[in-house]
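**Student:** got a predicted structure plus its sequence, pasted below:
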Amino acid sequence: MRTWRVAYRGQLPDDFLDELSSTIDRRTEFWERSIREASARRQHQLVATDGERLVGFVTFGPREDEPADRRVGELYAIYVDPHHWGGGYGRALFGAAERGLRDAGFSEAVLWVLETNARARRFYEIAGWKPDGGQKVEHRGDVELREVRYRRALG
């Protein structure tokens, strides 16, 4: 929640970000179900810790958008607590996800990022990912999320 509030401030409406805590039960339920069902869906979640404190996570697996292509995996989400940005946690998680996708047999991977998220886009581009022209719009209530797709060969 804190990561969304910090990362997306100025990109998404303030009232939407400020009200995220009101959906915590629904989002907790989503992640609990996602983790329970991960192996059946060939998905993986990895976490980064600082001592015993969870500071970030990444989740990845088979591509979820269409058209389905068994050679293409997807990095679904990567978040690091803003207090730990710049500490190497994101880079470590990202590298582990790329290795995990490659080890699972994927020859390339995609990810979706908010079009206006310059910080994340720069992070992905430094890691060698490039926009491939894919675009989509998702809605969270009245909020429109315009996303662009990035792609990278894993070989």
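**Tutor:** Happy to help now that I have it.
**Student:** looks to me like Val58 is in a helix.
**Tutor:** No. In this structure, Val58 is strand, not part of a helix, as judged by DSSP: H, G, I helix; E, B strand; the rest coil.
**Student:** and the residue located most distally from the centre of the chain, backbone torsions?
**Tutor:** Each residue of the chain has a distance to the centre, and by C-alpha atoms, centre = their mean the biggest one is for Gly51: 23.1 Å. The phi/psi pair for Gly51 (degrees, to the nearest 10) reads phi 70, psi -120.
**Student:** can you tell me the helix or strand for the residue nearest to the spatial centre of the chain?
**Tutor:** Residue closest to the average C-alpha location in the chain (C-alpha atoms, centre = their mean): Ala77, at 1.5 Å. Ala77 is located in strand 72-80, with elements delineated by DSSP states H and E.
**Student:** contacts for that strand next, please.
**Tutor:** Residues lying outside strand 72-80 but in contact with it, judged by C-beta atoms under 8 Å, 6 or more residues apart in numbering, are 3-4, 7, 43, 48, 55-65, 87, 89-90, 93-94, 97-98, 101, 104, 106-111, 154. Placement of C-beta: from N, CA and C, glycine included.
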